[in-house]
Each structure stands twice: as C-alpha cells, then as structure tokens.
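Trainee: Here is my input, please return the structure:
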Amino acid sequence: MHQPVDSPAQQFLQQGVRLAKAGIYDDAIALFQKALERDSTFSEAWYECGKALHELRRYEEAIESFQAAIALKPDYAPAWNTQGMALAQLERYEAAIASYDRAIKIFPRNYKAWYNRANALMRLNANYEALQSYEETLKLKPDYARAWYNRGIVLAHFQRYDDAIASYTRALSSRPHFSAAHYNLGNLLYRLERYEEALLSYERVLEVRPTLYEVWYNQANALHKLGFDDKALTSYNQALELNPDAHEVWYNRANTLDALCRYDEASEDFRRAVKLKPDFYEAWYNFGGSFHRRGQYEDAIAQYDKAIAVKPNFAEAWSNRGVALKKIGRHQDAIASFDEALTINPDSDETWYRRGRALVHLGKSNDAIASYDRALAINPNHDRAWYSRGVALSRLGQHQKAIASYDHAIALNQTLADAKIRRSAAAKALNTLLNNL
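Mentor: Predicted coordinates:
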C-alpha cells in the first residue's frame, strides 16, 4: 500500500532510508519496523528493511522482508532482484536465478538483474548462459566495468583469450583504476607468455594496491621469465615481506637464486618452502636438482626420494634419481630407477637414453642398444642416443653399424667432436678387419 507523503509511516520510511544511506543500518531497520507497525502492508518499507538486513549480512531475514514486499506487490522488480542477491549470498543460486528472471520479466531493461543473473550462472558453471547474460547487461549499460570484467573471466574460461583481453581492456577504459581487471589481464598475458605486457598490468595494480603479495609474486615470476633475475629477487622479497608464509614465493625465489648460482641461499629457500608445505613435491624435486647441478649426488637423491614419497608416479623424479645414482656408480640401482620412470612414462626418449648409458657401464651393450633404439623410435633426432648407440656397437665390434650411428649423430649435431673421433676410430678398425681377411 502506498502511504501519503506526510503519513507517520512514510516519515519513518524516509528517515530510515537516510540512515541506511549513511550506513547506520540497525537504526534504519528500527525505523522501517516502526513504519510497518503503522502499516504492515507498506511494501516499500518491507523492501527497504530487506535491503538494510542484506547490508548487515542477515540474509535469511532479508529474504523474509523481500518476500513480504513481493507478496504485497508482485510486480516489484527491485525486490525480486535484491531477493535474488540475498539468495545468491546463501549459495542458493537456482532460486536466485528464478528471482532475477522475475525481475527481468517485469522490467527487461533492468541491467542489474541481468548482471546478477550472469554472476549466479557463473557460480553454477553455466558459463555459456552467463556470457549471454553479460552481453544483455552490456547492451543496456555499455560502460559497466564489472560486467566487462566478469565477461573477460568467462571468455578466458572458453580459451577465447583475445576476446578476454579486449573485455578486460573495455573494463579498464570505463574504470582505469580497476585493480582486479589489471591483475586478471596481467595473469592472462603471463599465461600467453606476453611477459612485458603482463608486467605493465602488474605495475598498474601495485600503484593502487601495493600490499597485495600475489601481485609482487607474479611480477617477480614475469621478471624471471624475461631473465631479469636480480629485479625478480627484489619483487620476491617484497612478496615475502607481506606474506612470509607463502611457500610458493620461497620456492620460486629459490629457483631464481639457483639460476644465479647462489646455491646456498637457494637451498635455504627450498628448505623454507618444504617446511611450510611438506607435501610440496615440486620443491623437493627442484631442491634435488640444485644439489644435482653442484655434483652433490647423495643429497640430490635424498631430495628426489622426498618428492617421490609425496608423488610416487613422478616420472621425472625417478629419472633424475637414476642419473644421480649412476653418477655415484650405483648403476644397477640407477636402472631400477629408470625402469620405475618408464613404467609411469614409457614415451620418455631421455629416460630410455639414460637407461642405455647405465647398461653400458654394466657391460650390457646389447641391452643398451635396445634402450637406445627405444629412445630413437620416440625421437629420431636424439643426437646423443645415436652417438651412444654407436659406442655400444663399437664395443661389440659391429663397426659398420657403429659408423652409421655416428653419421646420424653428426648429421644432427656438427659440434659432436667425440662422434667424429669415434667414427674415425671405427672406420680404422673396420679397415683393419677387412685388410686381415
């Protein structure tokens, strides 16, 4: 029921609206309730009371107020819309969409209802329908930055990356300091390996929100990708000042320090990463790799073992573990490790090659050749496999076949001096045999 302007109920309503606009919601609700005590059929008072309750996150009570308003005024589009918002906050997305649909049916040009409907559909992973609703929103309000931003998220989900970038850019043209849009645009550009552009986006975020460690972290990753490792360290340091418990930052800072050959510092960072996240198998693996590169093979094996304990089907860890075992002369154990890796990933040409090398050291040249053949079946351009196959054939006195293998290796890599030397030796051995016939 509509109240006269000078009625007590209308006065209570107007006073409550002013308080609600000032953020004084509890007092506003008290005034709305006074209005309803005067007239329980005052639909506007029910609606405004629901809005204030919604602001206080009292969603169930808000829904009751909106329902009362709608019962009195079934074509009350704003009440249907805000009821949908309260339902969405309670994760009752299907019911929320039904409310938005009623609001849109009453007033099809209600861009807020279209926008809220799209958001609820996104929550249900109904992304195609969500995209359609964002399109409707933007037809009605072309400068709605939030809608362009969320549309970008949906387009990125569909791997329509150029369209997503355009959508984020439109959001930023309407709202230049929209930090979330700059951040998502930066992340998408990073994913597309457009690191310089990603850095520009991250810098824009940090101008507005310099306390977001995730942005410093992603900026550091982009700098590392571009080879600016010293600058990357500065950004990782900023991220760690803001969040010293961020295991992924310690891990990536460790990788950067390792790339700079600052191995002791890298080791400390790897330790911090796995202390914060003991099941961080990538960190255990890269920690092992750092020891491996320094020739500290026992320590490398210990870290690979930790990675494998967390992720038993980690083929790369099994394979690198095999290399480290081979380096300390444990060739049989190395082969067992390579076999584990190949059980997980039988298409790894590098692991077949490594297995062949270990077999040669055990004097098993025929088995080694079989491993090299498996590597070359997967990757015929593996120059070292061709070379090592030639070595194994030479050991068996099969010089003609060895020469053919060396020729393959040299054709693929002219800098393989050892292949040229061994080919010459095989040719001489073959000539000697032929001359002695």
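
Trainee: Test my guess that Leu185 contacts Ala166.
Mentor: No: with contact defined as C-beta atoms under 8 Å, Leu185 does not reach Ala166; the gap is 10.2 Å. Any C-beta I mention is one placed from the backbone N, CA and C, and that applies to glycine too.

Trainee: out of those two, which sits in the busier spot?
Mentor: More neighbours surround Leu185 than the other of Leu185 and Ala166, with 28 against 15 (other C-beta atoms under 10 Å).

Trainee: For the more buried one, give me its contacts.
Mentor: Applying C-beta atoms under 8 Å, 6 or more residues apart in numbering to Leu185 gives the contacts Gly152, Ile165, Tyr168, Thr169, Leu172, Ser201.

Trainee: again with Leu200
Mentor: Gly186.

Trainee: Would you mind measuring from it to Lys231?
Mentor: 14 Å (C-beta to C-beta, to the nearest Å).

Trainee: Equivalent analysis for Ala147, please.
Mentor: 36 Å.

Trainee: So which of those two has more stuff around it?
Mentor: Comparing Ala147 with Lys231 by other C-beta under 10 Å, the one with more neighbours is Ala147, at 28 against 16.

Trainee: which stretches of this structure have low pLDDT?
Mentor: 1-6, 437 (pLDDT under 70).

Trainee: Off-centre distance for the longest helix out of those in it?
Mentor: What stands out as the longest helix in the chain, according to DSSP state H, is helix 417-435. Computed by C-alpha atoms, centre = their mean, to the nearest Å, the chain-centroid distance of helix 417-435 equals 53 Å.

Trainee: With stretch 386-396 instead?
Mentor: Worked out by C-alpha atoms, centre = their mean, stretch 386-396 lies 44 Å from the chain centre.

Trainee: With stretch 252-264 instead?
Mentor: 22 Å.

Trainee: related to what we said a few turns ago, would you mind writing the PyMOL command to select the buried ones in the contacts of Leu185?
Mentor: Per 16 or more other C-beta atoms under 10 Å, the buried members of those correspond to this PyMOL selection:
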select buried, resi 152+165+168+172+201
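
Trainee: So what touches stretch 300-318?
Mentor: Outside stretch 300-318, the residues touching it (C-beta under 8 Å, 6+ apart) are 274, 279-282, 284-285, 287-289, 291-292, 320-321, 324-325, 337-338, 340-342, 344-345, 348, 351.

Trainee: send the alpha carbons of it over as CSV?
Mentor: Extracted C-alpha coordinates of stretch 300-318, given in CSV (Å, rounded to 0.1, in the frame of the first residue of the first chain):
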residue,chain,number,x,y,z
ALA,A,300,70.2,-34.9,-4.6
ILE,A,301,69.0,-38.5,-4.2
ALA,A,302,67.6,-37.7,-0.7
GLN,A,303,65.5,-34.9,-2.1
TYR,A,304,64.3,-36.9,-5.0
ASP,A,305,63.2,-39.6,-2.6
LYS,A,306,61.2,-37.0,-0.7
ALA,A,307,59.5,-35.9,-3.9
ILE,A,308,58.7,-39.5,-4.8
ALA,A,309,57.4,-40.2,-1.3
VAL,A,310,54.8,-37.5,-1.9
LYS,A,311,54.1,-38.3,-5.5
PRO,A,312,55.1,-41.9,-6.3
ASN,A,313,54.2,-41.5,-10.0
PHE,A,314,56.6,-38.6,-10.5
ALA,A,315,58.4,-39.9,-13.6
GLU,A,316,60.9,-37.0,-13.8
ALA,A,317,62.0,-37.5,-10.2
TRP,A,318,62.6,-41.2,-10.8
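
Trainee: just use 436 as the starting number from now, easier for me
Mentor: Taking 436 as the first residue, the last one we looked at is stretch 735-753.

Trainee: Give the buried residues for it.
Mentor: 735-739, 741-743, 745, 749-753.

Trainee: Adding distance to His817 as columns, could you present those residues in TSV?
Mentor: TSV is the format used below for the buried residues of stretch 735-753 (distance: C-beta to C-beta, whole Å):
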residue	distance to His817
Ala735	24
Ile736	25
Ala737	30
Gln738	27
Tyr739	23
Lys741	30
Ala742	25
Ile743	25
Val745	30
Phe749	23
Ala750	17
Glu751	17
Ala752	21
Trp753	19
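
Trainee: hmm, back to that, using PDB, list the CA coordinates for the longest helix of the chain.
Mentor: Provided in PDB are the C-alpha atoms of helix 852-870 (Å, rounded to 0.1, in the frame of the first residue of the first chain):
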ATOM      1  CA  ALA A 852      83.500 -33.900 -31.700                       C
ATOM      2  CA  ASP A 853      83.500 -37.200 -29.800                       C
ATOM      3  CA  ALA A 854      81.300 -38.700 -32.500                       C
ATOM      4  CA  LYS A 855      83.700 -37.700 -35.200                       C
ATOM      5  CA  ILE A 856      86.700 -39.100 -33.300                       C
ATOM      6  CA  ARG A 857      84.900 -42.400 -32.600                       C
ATOM      7  CA  ARG A 858      83.700 -42.600 -36.200                       C
ATOM      8  CA  SER A 859      87.300 -42.300 -37.400                       C
ATOM      9  CA  ALA A 860      88.400 -45.000 -34.900                       C
ATOM     10  CA  ALA A 861      85.500 -47.300 -36.100                       C
ATOM     11  CA  ALA A 862      86.500 -46.700 -39.700                       C
ATOM     12  CA  LYS A 863      90.100 -47.600 -39.000                       C
ATOM     13  CA  ALA A 864      89.000 -50.700 -37.000                       C
ATOM     14  CA  LEU A 865      86.800 -51.800 -39.900                       C
ATOM     15  CA  ASN A 866      89.600 -51.300 -42.400                       C
ATOM     16  CA  THR A 867      92.000 -53.300 -40.300                       C
ATOM     17  CA  LEU A 868      89.400 -56.200 -40.200                       C
ATOM     18  CA  LEU A 869      88.900 -56.000 -43.900                       C
ATOM     19  CA  ASN A 870      92.600 -56.000 -44.600                       C
END
